[in-house]
Structure formats: C-alpha cells, structure tokens
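Novice: Quick one, fold the following:
(2 chains, ligands or ions: 2)
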Amino acid sequence: MGRIQLKSVTKSFGDIQVIPPLDLTIEDGEFAVFVGPSGCGKSTLLRMIAGLEDLTSGDIEIDGEIATEVPPAQRGLAMVFQSYALYPHMTVRKNIGFPLRMAKMAQAEIDQRVETAAKSLNLMDYLDRKPADLSGGQRQRVAIGRAIVREPAAFLFDEPLSNLDAALRVGMRLEIGELHERLKTTMIYVTHDQVEAMTMANKIVVLRAGVIEQVGSPLELYHKPRNEFVAGFIGSPKMNLVKGSEAEKHEAATIGIRPEHTDVSMTDGAWKGRVGVAEHLGSDTFIHVHDTGLADMLTVRVNGDISVKHGDTIYLTPQADQIHKFDAQGMRI
Amino acid sequence: MAIVAKPSKFAKYGRPTLAWVVGLLFFFPIFWMVVTSFKTDADAVKPEHLIWFTPTLENYLNMTENYDYWRFAGNSVITAVFATVFTLFVGIPCAYAMAFNPSRATKDVLMWMLSTKMLPAAAVLYPMTFITKSAGLFDTHFLIIMVLSLINMPIVIWMLFTYFKEIPKDIIEAGQMDGVSTWGEIKEILIPLAWGGIASTALLCFIFCWNEAYWTVRLTTTDAATLSKLIEGNRAPEGLFFGRLSAVSAAAVGPIVVLGWFCQKQLVQGLTFGAVK
Ligand SMILES: Nc1ncnc2c1ncn2[C@@H]1O[C@H](COP(=O)(O)OP(=O)(O)OP(=O)(O)O)[C@@H](O)[C@H]1O
Ligand SMILES: [Mg+2]
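Specialist: Ligands and ions are numbered 1, 2, ... in the order given. Okay, here's the model as predicted:
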C-alpha cells in the first residue's frame, strides 16, 4: 500500500517560505510526476515526504496514518537520488543488501533478494564491483536495486536520470516504467524533462514557486491547461501565446495555440510572417516565424519534408478547435 | 610539432634543491641530537670532538639504570593512546553533527572552539595546579589524559569537520532512508568513508599528545610523569650534561619518529586530501 496525503503542508527556510500551504493526494499505485521550473520546490516537497526535511507546518499521512514525526526509515519509502548516492566503500552486492542488513534480515534471505533484484536489473555480472567501477547507467540501476529490495510502500525519485546521456535516459525511462507496471507500487518522480513527465506519469503535478498550478493526467494537462503557466510549461515546443486584437476576436485576453496545431502555407492563410530559423529534425521541422505582428516569435511544427529557408514569407492558420482561451488573470475560459 | 607546456627551470632544478635544503635543515637538529647522545658529557662541549669522538653507550645505560626510562615511556604511551582514543570518541560524533546537521550556531561554535587555543596556557597554570591538587587529581594518568584530550580537541574536531564535509550529504541521507541509526551512520558510512582523514587526524593527535610538555611537566611529579618530564629532569642547573640530555631526548622522540616514518604516506595523504579533491 502507498497512499500519500499532504495536508496544508508548508515549508520555510529561515524567513523565506518556499512552500505555501499545499494539499495533495497521491493514490496507491499511482505514478505521480512533479514538474516545474528550477527552484520551485519539487525536491523540497519530495524530501519532506521522505522525511529528510522537516515540515514547518501541516501533516503528511501515509496510508491514513500521520507520518509527520516518523523518521525516514520507518516510513517505508525508498528514495533514488540524482547523484545515485551509492555507498562507495561497498560492493554492488553490499549496496543493494544494505537496507536489508539494517532491517536485521537473515543473511541467506538477503543474498536471495539481492540476486533476484540484480537479475531483474541486469546487474548479475557486477555484483562484486565497487560503484566507482560502474557506468552511470549501471550505478543508477544499483540505486534502484537498493530501493526495490526493501519492497517499499512508495518509491521517490529525484531527477534520477538527469546525469545520464540521452540514449541511456530513454532506456532507463522504459525500465522504470516497466518496473511500475510490474510492481504496481506508488512512485513519485521529480523531473525537468517534459518527455519523462508525459510518458511515465498517471498524474502530473505542475508546481510554480511552491504552489500547485494544476494536477491531472498528461493528456488533461495537454488539452485543458488550467492557466497560461501550465499551457506554456506542458508541451514541447512551447505553446504560442498571442495577446491583443487577435485574442479579442475570440473574446479572450490571451489565446494559446500549440505549434502542432497550426497549418502552414506559402501562399495564403490567417497570419503572415517571415521565417527565422527552421530546425529540421528529420521527422518534424520546427519553424520559428517572425514579423507576424502578434508576438515576438511564433513556433510551428510541421512535417519534416517541408522546404523553407530563412527569410521566406509564410502564412499560418491556427486550427479553430485547438485554440486555448485565457482571461486577463491568465485563467482558462 | 605539437606545442606542449614546458616545465620551467625552477620546477626542474630549483624546486628539488629547495626541497632538499629545507628537508636537511629540519633533519639536522635530530641528527645532531642523536650524534651527541653517543658522546660523553665532557666530549659534547669540546670543539675538537665536534666530529671526531669515541662513541659511547654510557648515556643510554645511565638513563635506563638511574632514571627508569621505561616507566616514563610507559606513561607517555598510556596517556597519548588514551587521550587520542578519547579525543576521537568525542570528536567524531561532534564533527559529524556539525558537518551534516549544521545549525545557525555551527560556525560560531567552531570559531569558539578554536579561540580556546588562543588562551595562553600560562594564564591558567595556577588555577589548574590548585584545582587539580585540591581535587586529588594532580599527578594522575586520568588528569593527564583529560588535559591532553581537551587541548587537542579543537584541532581534532576542525580537521574531522573538514574531512566529513567532503562526504556528499546524499550518501548520509541514503543511509537514513535505508534505516541506519545515528550510531550506525557513523559506524557503517562515515568512518569507512573518512578513514584516511580520521587516521591522519588520530596520528597527528597522538604526536601532539606525545610531545606535549607544558602541562605534563607541571602537573606531574612521578606517577604520571611522561618522557617530557624525563627530559626536563635532565636539564640540570649545575652544569650542562649535553650528552645525557641528548640521549634522553633521542629516546623520547625515537618512538614517535619511527611511527611517523611508517605512517608518512598516510599523513601526507590525509593532510592534503582536501587540496587534491
Ligand atoms: N537548505 C536550504 N536552505 C535554504 N533554502 C533552500 C534550501 N533548500 C532549498 N532551498 C530553496 O528552496 C527553493 C526550492 O528548492 P528545491 O531544491 O526544492 O527546488 P527544485 O524545484 O528541486 O529545483 P531544481 O529543479 O533546480 O532541482 C529554492 O528557492 C531553494 O533556493
Ligand atoms: Mg531539485
């Protein structure tokens, strides 16, 4: 079981309040992802759940029991750190078995559990190595191994993949996803990465300056962002935001249109502009359009085979049913 | 031809020369002390016997026969070992707490500890003498062990604090998540990771304890007297017995020089750890 509830939780460092009162429930078995700009309090929130950081006020409940004063180890949660945080003086085997040894489990059972975990993480060949002799991906797998042997009520991940190169990141992302499918254990995952958030989460929590801007499934956030901030934060490339008379036509203070929801023509359309940079990714092309008179720059995402170049005149037409409307306070209409 | 940095002339010749000069300069007094210890007291002050003399073991024999060298040496070992162990026993948890759970006061506490070293020992000599005498602690091993521990505590805690600071906090936190107790954290994680630093701190502390003279000379008479006291006792006012004095001194520093020699790699590594990393 692993239902985690935050009730009016706040956190201040000295006089600075980084988390104003915050409520959040993460259901058992959910894969929750915290996203938000750097410094918005994602790690702080995760560490408070872990028990590594004291709450200034409020309560944390795990499976209905108040855990606010419970020390980290007794909460039954396992954490995977960005820096891996392996014990450098122990072999992989010892690292993975460490929490079990601390739980005073019999050596035979420890060995057996370590083997099972190592098998599932492809670490059998490295059991007698020290962390220093492993690659980044292997180290992160050891850290995950150390977490799963404990059979925790929930896993906490703080940007676990951000020290890995892009290819490895994709592989590990899938592995963690599969792990969740297999174990069905609650996972809370902090990331900067759009793709990780969108692909892994059942529930995304978007934070800004310690405040929850929106909670929802990836597609809810994509299709129905509650406000301009979420609209701009979820989706890549970012949603184009247009103010002024063009927005007034839709009876809104601001309208938003995603780059992939804009049709492009070289001959005619709603908005005329000039091509700045065209980024050819192969499958897609991102065109940055200037001089539309609507915003500094609009980005559109089109088929990869389009041939446009710097300076070309281009016409854009937003798909009418994909326009997001926001009021003067930035809230969705 | 690729362009590569060339070592300067100084780096190539000057630096080694300088290193040798400094090394020999430091070594010379010890060397001279050992040489003199094999001269008779009479020979030791005669210029014609500066280099050429008939070596004798008289001084050393005299020392073990008349002064009970082994009792003094035994006291030195006991006090230095127990003081070092006690200092680390208190210092490690203390430095651990300050390195990993700092509060607003941590910096001030560290400075305050260091500031106790600024107090001239002479200023508290009389109070110390009277208090220890009236408490019945004068000339006891317990007193000397406590005094040695306390005067070395600040520097030991400072050194340990610096070594512990090098350990990533994440690893300690991972330990907390994995369920180690505070003592377990120190035993399972901190000590193995900071082993080099702890060892060189212990070594340095031991050397300081061994060589300490101000208090060991003044707060002991016989029972807890260390080798420092033995040397002091040979500084006879009626004449200069350089041969005898040298032999006693050589026998007093001998063990620690040998220890230092075997541990020099450890010491250098430990003391430059922060700089290299
Ligand atoms: N120990 C601390 N003392 C003082 N302020 C802190 C401390 N830890 C974090 N903060 C502040 O709290 C805020 C939130 O920090 P946090 O590390 O939670 O951000 P984050 O969302 O994880 O950022 P990032 O994405 O860069 O990791 C930041 O403004 C940070 O400066
Ligand atoms: Mg963070």
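Novice: Stretch B:27-45: which residues count as buried?
Specialist: Residues of stretch B:27-45 classed as buried under the neighbour-count rule (16 or more other Cβ atoms under 10 Å in any protein chain shown) are B:33-41, B:43-45. From N, CA and C alone the C-beta is placed, and that goes for glycine too.
Novice: and which of these is nearest ligand 1?
Specialist: Out of the buried residues of stretch B:27-45, the one with the shortest distance to ligand 1 is B:M33. That distance is 54.1 Å, counting by Cβ to the nearest ligand atom.
Novice: Now do the helix or strand encompassing that closest one: which elements does it pack against?
Specialist: Taking DSSP states H and E as the definition, one finds B:M33 inside helix B:15-37. Using 3 or more Cβ pairs under 8 Å, 6 or more residues apart in numbering or on different chains; DSSP states H and E as the contact definition, the elements that helix B:15-37 packs against are helix B:242-276.
Novice: switch to 10 Å and redo it
Specialist: For helix B:15-37, the packing partners by 3 or more Cβ pairs under 10 Å, 6 or more residues apart in numbering or on different chains; DSSP states H and E come out as helix B:41-44, helix B:58-66, helix B:242-276.
Novice: where does the residue of the stretch 101-250 of chain A found nearest chain B fall, phi/psi-wise?
Specialist: Across the stretch 101-250 of chain A, no residue is closer to chain B than A:M102, which sits at 4.1 Å (Cβ to the nearest Cβ). Note on A:M102: its backbone torsions stand at phi -70, psi -30 [degrees, to the nearest 10].
Novice: Test my guess that it contacts B:A174.
Specialist: No: between A:M102 and B:A174 no contact is recorded; they are 11.4 Å apart, counting by Cβ atoms under 10 Å.
Novice: pLDDT averaged over stretch B:118-134 - what is it?
Specialist: Average pLDDT, stretch B:118-134: 91.
Novice: Please identify the buried residues of it?
Specialist: When burial is assessed from 16+ other Cβ under 10 Å, stretch B:118-134 yields the following buried residues: B:128, B:132.
Novice: Show me the contact partners of that stretch.
Specialist: B:137-140, B:143, B:146-147, B:151, B:214-215, B:218-219 (Cβ atoms under 10 Å, 6 or more residues apart in numbering or on different chains).
Novice: what secondary structure does A:V170 sit in?
Specialist: Judged by DSSP: H, G, I helix; E, B strand; the rest coil, the three-state class of A:V170 is helix.
Novice: doesn't A:I176 make contact with it?
Specialist: No: applying Cβ under 10 Å as the test, A:V170 and A:I176 come out as separate, 11.1 Å apart.
Novice: Looking at these two, which one has more neighbours?
Specialist: Comparing A:V170 with A:I176 by other Cβ atoms under 10 Å in any protein chain shown, the one with more neighbours is A:I176, at 22 against 15.
Novice: Excluding covalently adjacent residues, which one is nearest to the more buried one?
Specialist: When the adjacent residues along the chain are set aside, A:I176 lies closest to A:M200, with 6.8 Å between them (Cβ to Cβ, 6 or more residues apart in numbering or on different chains).
Novice: list the contacts for that neighbour?
Specialist: A:31-33, A:157, A:173-174, A:176-177, A:180, A:187, A:189, A:191, A:193, A:218.
Novice: for B:T216, same thing?
Specialist: Applying Cβ under 10 Å, 6+ apart, we find B:T216 in contact with B:75-76, B:79, B:143-144, B:147-148, B:209-210, B:224-229, B:232.
Novice: swap in A:Q322?
Specialist: Remark: with contacts taken as Cβ under 10 Å, 6+ apart, A:Q322 is in contact with A:223, A:256-258, A:260-262.
Novice: Could you pull up phi and psi at the residue located most distally from the centre of chain A?
Specialist: Among the C-alpha atoms of chain A, the one most distant from their mean position (Cα atoms, centre = their mean) is that of A:T267, at 40.0 Å. Its backbone dihedrals place A:T267 at phi -110, psi -50, with angles given as degrees, to the nearest 10.
Novice: thought it was touching A:D312?
Specialist: No: when contacts are counted by Cβ under 10 Å, A:T267 is not listed as touching A:D312 (11.6 Å).
Novice: Can you tell me the number of residues neighbouring B:T87?
Specialist: Residues lying near B:T87 (other Cβ under 10 Å) number 27.
Novice: So the residue found closest to it once you drop the neighbours it is linked to in the chain, which state does it fall into?
Specialist: What sits nearest to B:T87 in space, not counting adjacent residues and going by Cβ to Cβ, 6+ apart, is B:S149, at 4.7 Å. Using three-state DSSP, the three-state assignment for B:S149 comes out as helix.
Novice: Could you tell me how far B:S149 is located from A:S162?
Specialist: In this structure, B:S149 and A:S162 are 46 Å apart, going by Cβ to Cβ, to the nearest Å.
Novice: With neighbour numbers in mind, choose between those two.
Specialist: Using other Cβ under 10 Å, the more surrounded residue of B:S149 and A:S162 is B:S149, with 23 against 14.
Novice: What does the pLDDT read for residue 239?
Specialist: Going with chain A. Among the per-residue scores, A:M239 holds a pLDDT of 94.
Novice: um, chain B though
Specialist: Listed pLDDT for B:G239 reads 63.
Novice: got it, and B:A236?
Specialist: We have a pLDDT of 65 for B:A236.
Novice: one step back: quick one, which of the contacts of B:T216 are buried?
Specialist: Among those, those scoring as buried are B:75-76, B:79, B:143-144, B:147-148, B:209-210, B:224-229 (criterion: 16+ other Cβ under 10 Å).
Novice: Return the subset of those residues lying in helices.
Specialist: Taking DSSP state H as the definition of helices, those contribute B:75-76, B:79, B:143-144, B:147-148, B:209-210, B:227-229.
Novice: List the strands paired with the one helix or strand A:I212 maps to, with their directions.
Specialist: Assignment of secondary structure by DSSP H and E places A:I212 within strand A:211-216. The strands beside strand A:211-216 in its sheet (DSSP bridges) come out as strand A:203-208 (antiparallel).
Novice: And the residue of the stretch 1-150 of chain A closest to chain B?
Specialist: With Cβ to the nearest Cβ, the shortest gap between the stretch 1-150 of chain A and chain B falls at A:A73, namely 3.4 Å.
Novice: Could you report the neighbour count for that residue?
Specialist: Counted with other Cβ under 10 Å, A:A73 comes out at 19.
Novice: out of the helices and strands packed on helix B:15-37, nearest to A:S307?
Specialist: helix B:242-276 (56.0 Å; Cβ to Cβ).
Novice: Show me what from the stretch 51-200 of chain A comes close to ligand 1.
Specialist: Within the stretch 51-200 of chain A, the positions adjacent to ligand 1 are A:H192 by Cβ under 6 Å from any ligand atom.
Novice: Check the secondary structure at the residue of the stretch 51-200 of chain A found nearest ligand 1 for me.
Specialist: Closest approach of the stretch 51-200 of chain A to ligand 1 (Cβ to the nearest ligand atom) occurs at A:H192, with a separation of 5.8 Å. The three-state assignment at A:H192 reads coil, by three-state DSSP.
Novice: what about A:V277, which helix or strand?
Specialist: Using DSSP H and E, the secondary-structure element containing A:V277 is strand A:271-280.
Novice: in its sheet, what does the helix or strand following that strand sit against?
Specialist: Moving toward the C-terminus from strand A:271-280, the next helix or strand (DSSP H and E) is strand A:284-290. Paired with strand A:284-290 in the same sheet, following DSSP bridges, are strand A:271-280 (antiparallel), strand A:298-303 (antiparallel).
Novice: Using TSV, please lay out these together with mean pLDDT and mean neighbour count.
Specialist: What follows is the strands paired with strand A:284-290, written out as TSV (pLDDT from 0 to 100; neighbours: other Cβ atoms under 10 Å in any protein chain shown):
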stretch	mean pLDDT	mean neighbour count
strand A:271-280	91	16
strand A:298-303	92	19
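Novice: If anything else comes up later, I'll come back, but that's it for now.
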